[in-house]
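*Asks:* Based on what follows, work out the 3D shape:
(one chain, ligands or ions: 1)
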Amino acid sequence: MGRLVVVSNRVGPLKDTGRAGGLAVALVDALTQTGGIWFGWSGEVSEEGSFGQLKMQKSRKVQMVQLDLTQADYDEYYAGYANRTLWPVLHYRLDLAVFDRRLEQGYRHVNERFATRLGPLIEADDIIWVHDYHFLTFGANLRSMEVNNPIAFFLHIPFPPPEMLAALPNAGSIVRAMLAYDLIGFQTERDADNFRRFVVEELEGIDLGEGRLKVGGGEVIARAYPIGIDAEAFSKFAMSPDARRNMARLEQLLGGRQQIIGVDRIDYSKGLPERFRAFERLLEDYPENRGRVSLMQVAPPSRAELDAYIEIRRELDEMTGHVNGRFADLDWTPIRFLTKSFPRRALAGIYRASRVGLVTPLRDGMNLVAKEYVAAQRAEDPGVLVLSRFAGAAEGMKEAVIVNPHSAEEVAAGLQSAITMPLEERRDRWQIMFDRLCRDDAVAWSRSIMEDVRAVRR
Ligand code: GDG
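*Replies:* Residues are numbered from 1 along each chain as shown. Alright, predicted model coming up:
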């Protein structure tokens, strides 16, 4: 079996630092099975940028290889086309997207230069696995360097319908470049279907069924491979001493009251202002919850350099002040908004101490918080997940309370049914979801993609 070469914007960590997510766990598992390379951006900006020396670090069978970016690369590729053009467009937010050909060119250049630097490290029987919206055109660059190895690609975020994607300048050329991959994986059936429709409607492709597409002379696989978490490990985290300590602190603070928990990076796709409004509506429409139920929102800051994110944070600070000013009492604060991050074990304890997990993105590839919340619950007395129908996770978690995040009334009603749900029903719903999470975990996810791409003959 050949080595695996993983390409993603950020690399590692290879060891459990307490902060690594399920994705890192899945990739490390895949990498340590065969040995290989993990290639990407170092997270640093320097004068030489990606022309500079490769930064190498080896841990057992895995070689991490990282490159810097120049300031111009960072502005055009990372902060520019990836995060100001692709991120909004792929999350159905044309209104927020910046269209500027300079950014697109910068993005294509960085993809090409990264491919040029990786090329010489590739061996004949390697399998290559490229991740996410930062590297849509990377595969085509590798192909033009005569790299003929099997290449898989996985998109972690949504893929919008062709009617919408067509608004992106040069969308056809970008998607055509993606067809250089042998296998293109998506989070949901809906995303995979949107992609196939684009290829058929805009690029004269033929849908052969079972996720196979024929375009020009070649064939590609475009299927859904919903990402999983390391459910068993996460459920053990929730019983670790760290988790217990945090649970105990919270439970003391709550004094028998119930808590709703939200955990999200600050991002407009996560629907945070809508969520705060829905919680306010809960207190208005179901006044029995006043003094009894609080919302804790954990929001580690992300991509702080983007204006849109500064604006959301300001809005959330204001809404917190408004709701707390309106409803707070001597011994009860309705919303606690924490803009900091916690170690994973502490987070698991916080989930476990919360009766409701509130996950209401306006659009999300999958949403791992939904899965982690379920994995962290006590089997004998589990909490309830209230989940947006627009999170990819909703496709495989029908036993959650599914809501439309744009409707404050509907989310409030969903919260009320979660808060009042009888123990037996909570257990039934939870057990089905937990068993499924353990079966379709992160390792199963990466193995099924690797199995399918290995079966491809070029
Ligand atoms: C993209 C897609 C898709 C959050 N706060 C803390 C913390 N986190 C961890 C969570 C979870 C991860 O961050 C967030 O994952 P999500 O899936 O919710 O969202 P994105 O970051 O937008 O990820 C998404 C995902 O890729 C995977 O394919 O599901 O749809 O947008 O693991 O636990 N971790 C720690 N402290 C925190 O305070 N340690």
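*Asks:* Which positions within stretch 268-287 qualify as buried?
*Replies:* 268-272, 274-276, 278-283, 286 (16 or more other Cβ atoms under 10 Å). (C-beta placed from N, C-alpha, C; glycine too.)
*Asks:* swap in stretch 129-144?
*Replies:* 129-143.
*Asks:* list the helices and strands the one helix or strand in the chain whose mean pLDDT sits lowest packs on?
*Replies:* Of all helical and strand segments in the chain, the minimum by mean pLDDT, DSSP states H and E falls on helix 22-34, at a mean of 79. Contacts defined by 3 or more Cβ pairs under 8 Å, 6 or more residues apart in numbering; DSSP states H and E place helix 22-34 against strand 4-10, strand 62-69, helix 368-375, helix 442-454.
*Asks:* can you rerun that using 10 Å?
*Replies:* Applying 3 or more Cβ pairs under 10 Å, 6 or more residues apart in numbering; DSSP states H and E, one finds that helix 22-34 makes contact with strand 4-10, strand 36-45, strand 55-59, strand 62-69, strand 127-131, helix 231-237, helix 368-375, helix 442-454.
*Asks:* which of the ones you listed sits most buried?
*Replies:* A comparison of those by mean neighbour count, using mean count of other Cβ atoms under 10 Å, puts helix 368-375 on top with a mean of 28.
*Asks:* Restricted to helices, list the buried residues of stretch 129-144.
*Replies:* The helices, defined by DSSP state H, take in Phe138, Gly139, Ala140, Asn141, Leu142, Arg143 from the buried residues of stretch 129-144.
*Asks:* before we move on, what SS does whichever residue of the stretch 51-200 of the chain sits closest to the ligand have?
*Replies:* Distances between the stretch 51-200 of the chain and the ligand by Cβ to the nearest ligand atom are smallest at His156, namely 3.6 Å. Secondary structure assignment for His156 (DSSP: H, G, I helix; E, B strand; the rest coil): coil.
*Asks:* Repeat that for the one 3 residues further on.
*Replies:* Three-state assignment for Phe159 (three-state DSSP): coil.
*Asks:* How much space separates it from Asp68?
*Replies:* 30 Å (Cβ to Cβ, to the nearest Å).
*Asks:* now Val453
*Replies:* Distance, Val453 to Asp68, using Cβ to Cβ: 30 Å.
*Asks:* quick one on the thing from earlier: tabulate the ones in helices among the buried residues of stretch 129-144 (TSV), appending distance to the ligand.
*Replies:* Shown next, in TSV, are those (distance: Cβ to the nearest ligand atom, whole Å):
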residue	distance to the ligand
Phe138	18
Gly139	19
Ala140	23
Asn141	23
Leu142	22
Arg143	25
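*Asks:* Which pair in those has the greatest spatial separation?
*Replies:* Phe138 and Arg143 (9.8 Å; Cβ to Cβ).
*Asks:* Please identify every residue contacting each of the two.
*Replies:* Common neighbours of Phe138 and Arg143, using Cβ atoms under 10 Å, 6 or more residues apart in numbering, are Ala115, Ile151, Ala177, Ala180, Tyr181.
*Asks:* Just the ones of those residues in helices?
*Replies:* Per DSSP H, the shared contacts of Phe138 and Arg143 map to helices at Ala115, Ala177.
*Asks:* Just the buried ones out of the shared contacts of Phe138 and Arg143, please.
*Replies:* For these, a burial check counting by 16+ other Cβ under 10 Å picks out Ala115, Ile151, Ala177, Ala180, Tyr181.
*Asks:* Rebuild those residues as JSON lines, extending it with distance to the ligand and pLDDT.
*Replies:* Shown next, in JSON lines, are those (distance: Cβ to the nearest ligand atom, whole Å; pLDDT from 0 to 100):
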{"residue": "Ala115", "distance to the ligand": "23", "pLDDT": "98"}
{"residue": "Ile151", "distance to the ligand": "19", "pLDDT": "98"}
{"residue": "Ala177", "distance to the ligand": "22", "pLDDT": "98"}
{"residue": "Ala180", "distance to the ligand": "22", "pLDDT": "97"}
{"residue": "Tyr181", "distance to the ligand": "17", "pLDDT": "98"}
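*Asks:* Low-confidence ranges, the stretch 351-458 of the chain, go.
*Replies:* Applying pLDDT under 70 to the stretch 351-458 of the chain picks out residues 457-458.
*Asks:* Kindly report the residues of it close to the ligand.
*Replies:* In this structure, the stretch 351-458 of the chain approaches the ligand at residues Asp364, Gly365, Met366, Asn367, Leu368, Val369, Glu372, judged by Cβ under 6 Å from any ligand atom.
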